[in-house]
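[1] Need a 3D model of the sequence below.
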Amino acid sequence: MLRDKTVVIGVSGGIAVYKVCDVVSKLKKLGANVHVIMTKAATEFVTPLTFQTLSQNFCISDMFEEPKTWDVEHIALAKQADLFLVAPATANIMGKIIGGIADDMVTTTLMATRAQVLIAPAMNTNMYQNPIVKRNMDSLRKLGYKFVNPDSGRLACGDVGEGKLASPDRIVDEIVRLLTGLDSEVEVEQDLKGEKIIVTAGPTVESIDPVRFISNRSSGKMGYAIAAQAGNRGAEVTLISGPTNLTPPDSIEKFVQIESADQLYEAMISNFEDNHVIIQSAAVADFKPKNYSDKKIKKHFKDDDLSMPLGRNKDIAYEIGKKKGNKILVAFAAETNDLVENAKSKIIKKNLDFIVANDLTQEGAGFKGDTNVVKIIDKSGNIEQYPMMKKEEVADVILDKIRDVQ
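    Next up, the predicted model:
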């Protein structure tokens with residue numbers, strides 16, 4: 001697939017260096033010619049010999065070491081590259097790139113290349129969310145640099161959050177797309193460019209005690225598909241998500257992680273004014289325990305039952321509907337009976353432009369699958385029914401409808 005393509009990889013110093021070994025191996029299996037350049041800090045994590053063995057090319061880590069060829073190495077590699085990958089990209093090296101600093105072999109070669117540059121950030125969550133780092137990444141994007149956004153999860157430092165280097169599979173997939181002309185940002189029509197959209201996704205979690213909680217079966221797949229497709233079509237997307245096992249799409253602008261319905265409402269209100277379209281696909285818990293216990297609730301007798309009073313959560317779609325103004329509001333109705341009637345009542349009560357209704361008992365519809373079967377009902381009562389489709393296809397149907405509402 002990548003035969004006759006040359007990928008130059010600039011490796012900077014971070015614990016995630018070991019994952020780049022797998023990237024090199026996967027690229028070689030696809031037929032790519034791979035050259036690795038390391039910063040001095042990167043060699044503290046993995047030796048140049050490892051990359052040299054995997055790539056079957058000399059690994060350069062010192063600007064002043066004896067050259068392996070008579071070419072000026074950083075210029076030669078810069079010219080050979082069809083794509084230049086920086087992984088893991090630390091806050092330090094991204095700051096150097098945007099500042100025009102070329103003080104090692106990685107940044108010097110990068111400065112000299114005319115190839116497409118793909119950056120895969122990896123760092124502590126607080127560093128990744130630092131406004132200076134965000135500014136640098138935004139500036140690099142405006143200059144045409146591509147990014148593979150990091151994953152979320154447990155980091156090497158023990159923190160939990162976004163900042164993990166993207167998986168080798170995701171990095172390689174993006175390289176293949178860029179080198180084979182399948183870059184979605186180029187191929188997909190940018191018909192939503194300039195539109196600002198909030199998408200909510202996943203379940204909410206209502207804590208009972210430090211161990212237990214009330215939640216639902218939402219996987220977040222539908223909301224994440226909408227966010228990804230909207231971003232691919234040019235929209236500036238803020239994805240607000242409850243706990244899922246999904247990776248935020250690379251095409252979105254902003255990711256907000258929440259747990260409870262109260263946190264979801266606060267996140268939506270804080271982002272409400274800056275966005276024109278709100279797509280509410282999150283499955284919000286209707287109820288929460290009235291009394292949270294800060295200690296694990298123990299069972300005292302073998303046959304004792306536990307009674308727990310529940311209180312209503314805020315009806316977020318209703319509250320957002322009261323603030324609607326000229327914004328476009330879309331919600332979902334996941335039902336097991338009386339689908340159309342329940343969905344129509346929600347349109348009126350929640351002041352929606354249209355609602356996406358799906359019957360959870362129908363084959364191919366539901367939370368955890370990759371497909372959905374929906375009806376779209378507008379505020380005039382018109383109903384459009386669609387066959388079973390992939391959730392990405394359903395996402396595009398919803399986004400087409402939003403485009404047409406404009």
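[2] Without its sequence neighbours, what residue ends up closest to residue 249?
    residue 228 (3.6 Å; Cβ to Cβ, 6 or more residues apart in numbering). Backbone N, C-alpha and C define where each C-beta goes, glycine included.
[3] wait, what's in contact with that neighbour?
    With contacts defined as Cβ atoms under 8 Å, 6 or more residues apart in numbering, residue 228 is in contact with 249, 251, 252, 392, 395.
[4] And the nearest residue to residue 362 once chain neighbours are set aside, how far from residue 344?
    Nearest residue to residue 362, sequence neighbours excluded (Cβ to Cβ, 6+ apart): residue 373, at 5.3 Å. Shown here: residue 373 relative to residue 344, a distance of 18 Å by Cβ to Cβ, to the nearest Å.
[5] try residue 313
    Where residue 344 is concerned, residue 313 sits at a distance of 23 Å (Cβ to Cβ).
[6] Can you give the domain ranges for this protein?
    Partitioning the chain according to automatic domain parsing yields domains covering residues 6-187, 196-289+310-405.
[7] between the ones you listed, which gets the lowest average pLDDT?
    Among the domains of the chain, domain 6-187 has the lowest mean pLDDT, at a mean of 86.
[8] Can you tell me the element residue 57 falls in?
    When secondary structure is defined using DSSP states H and E, no element contains residue 57, which sits outside every helix and strand.
[9] Give me the neighbour count for it.
    A total of 18 residues lie near residue 57 under the criterion other Cβ atoms under 10 Å.
[10] so the spatially closest residue to it that is not a sequence neighbour bridges to which residues?
    With Cβ to Cβ, 6+ apart as the measure, residue 35 is the residue that lies nearest to residue 57, at 5.1 Å, once sequence neighbours are left out. Beta-bridge pairing for residue 35 (DSSP bridges): residue 8.
[11] what about residue 35, neighbour count?
    Residue 35 sits with 25 neighbouring residues when counted by other Cβ under 10 Å.
[12] Check residue 243 too.
    16.
[13] check which helix or strand covers it.
    In the assignment (DSSP H and E), residue 243 maps to no helix and no strand.
[14] And the residue positioned nearest the centre of the chain, how close does it get to residue 153?
    The residue at the geometric middle of the chain, judged as the C-alpha nearest the mean C-alpha position with Cα atoms, centre = their mean, is residue 248 (1.7 Å). Using Cβ to Cβ, one gets 12 Å for the distance from residue 248 to residue 153.
[15] likewise residue 91?
    19 Å.
[16] same question, residue 286
    In this view, residue 286 and residue 153 are 29 Å apart by Cβ to Cβ.
[17] Please apply the same query to residue 256.
    As for residue 256, its distance to residue 153 is 17 Å (criterion: Cβ to Cβ).
[18] More neighbours: those two, which one.
    Using other Cβ under 10 Å as the criterion, residue 256 and residue 153 rank with residue 256 on top: 18 against 13.
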